[in-house]
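**Q** Okay, structure incoming, though there's no sequence with it:
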Ligand code: SPV
Ligand code: MG
């Protein structure tokens, strides 16, 4: 079974699907081990791991290669963040089969102009394309998929751009009409009110997807209770955990003048060896090395 079948079945079941961000295969493996239903192939995380802003500084090829590496490592569905689709509807037609071939189960494409600016930055440059143009990009994505269950998620940035609920609802309905399988509605308000108002007003057939980074008080139980949200994406918790932990450990080693105190606080080298997939390699050795 292809991972897009798994994701499609989860969406059809209306059970909440949980996706954790990953910027490399190790993070994806740990997320899978922790019990998340899938992986979010976050552009923000990958950009941060290259120490550049999440503003189409990295090429599509860099993101695609990371998606290939992640999909080769985990067996849970990978939802690839393709930003604005790296161009117009023509570009989208060409990249969707590449993301499918890389092993993604879904893409999320947002209705901003290329090059985008990141959504959660205060005073970011948030410019949206015309509704008709984005409908064309969704149509191109849907027509280009090779596997019928590959999931195309349209992301509405109207609330991020400060254009209000009416514009967000108008865009979401237009994107559903163009063939989107789900609508990701994004908000950077510090309380969930804006998102809850959108959910209450949403009368479309397709499920919604949320990224509750800015309003972390909204739990999975709250989200599931709405009955309209199919996916919750934790957008940046892998890179924040990793960056925070590295910073603290590096500072302590400098303070202590050595690794004598931090050592016991870190995962053991044998843990890393396990997460590298050592057991798999040893089984191959045993079977084939003569
Ligand atoms: C990402 O993780 O790259 C996202 C989510 O697109 S956000 O950063 O909140 O825009
Ligand atoms: Mg992104």
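**A** Sure, I can see it. Keep in mind the model is a prediction, meaning the values are calculated, not measured. Residues are numbered from 1 along each chain as shown. Ligands and ions are numbered 1, 2, ... in the order given.
**Q** How far does stretch 263-283 sit from its chain's centre?
**A** 26 Å (Cα atoms, centre = their mean, to the nearest Å).
**Q** So which residues of this protein form strands?
**A** 17-21, 38-41, 78-81, 106-110, 151-156, 182-185, 208-210, 229-234 (DSSP state E).
**Q** partners of the last one, with directions?
**A** Applying DSSP bridges to the sheet, strand 229-234 is found paired with strand 17-21 (parallel), strand 208-210 (parallel).
**Q** Quick one: residues in contact with that strand.
**A** 10-11, 14, 16-21, 36, 40, 79, 153, 182, 184, 199, 207-213, 220, 223 (Cβ atoms under 8 Å, 6 or more residues apart in numbering). Heads up, the C-betas are built off the backbone N, CA and C, glycines and all.
**Q** just the second one next, same as before
**A** Residues from elsewhere that reach strand 38-41, judged by Cβ under 8 Å, 6+ apart: 3, 7, 17-22, 28, 31-32, 63, 66-67, 70, 74, 76-81, 104-105, 233-235.
**Q** Show me the shaky parts of the chain.
**A** 1 (pLDDT under 70).
**Q** let's see it at 90
**A** 1-2, 14, 122 (pLDDT under 90).
**Q** What residues does it have near ligand 1?
**A** 21, 42-45, 54, 81, 118-120, 211, 213, 235-236 (Cβ under 6 Å from any ligand atom).
**Q** could you check the distance from the most centrally placed residue in the chain over to residue 2?
**A** Centrality entry for the chain: nearest residue to the mean C-alpha point is residue 40, 3.0 Å, by Cα atoms, centre = their mean. Distance, residue 40 to residue 2, by Cβ to Cβ, to the nearest Å: 18 Å.
**Q** Which residue would be the closest one in the stretch 1-150 of the chain to ligand 2?
**A** Relative to ligand 2, the nearest point of the stretch 1-150 of the chain is residue 43 (3.5 Å; Cβ to the ion).
**Q** Check the burial of that residue by counting its neighbours.
**A** 25 (other Cβ atoms under 10 Å).
**Q** OK, contacts around it?
**A** 54, 58, 63, 81, 82, 83 are the contacts of residue 43 under Cβ under 8 Å, 6+ apart.
**Q** which ones are touching the closest residue to it other than its chain neighbours?
**A** Once flanking residues are discounted, residue 43 sits nearest to residue 81: 4.5 Å by Cβ to Cβ, 6 or more residues apart in numbering. When contacts are counted by Cβ under 8 Å, 6+ apart, residue 81 touches 40, 41, 42, 43, 44, 63, 107, 108.
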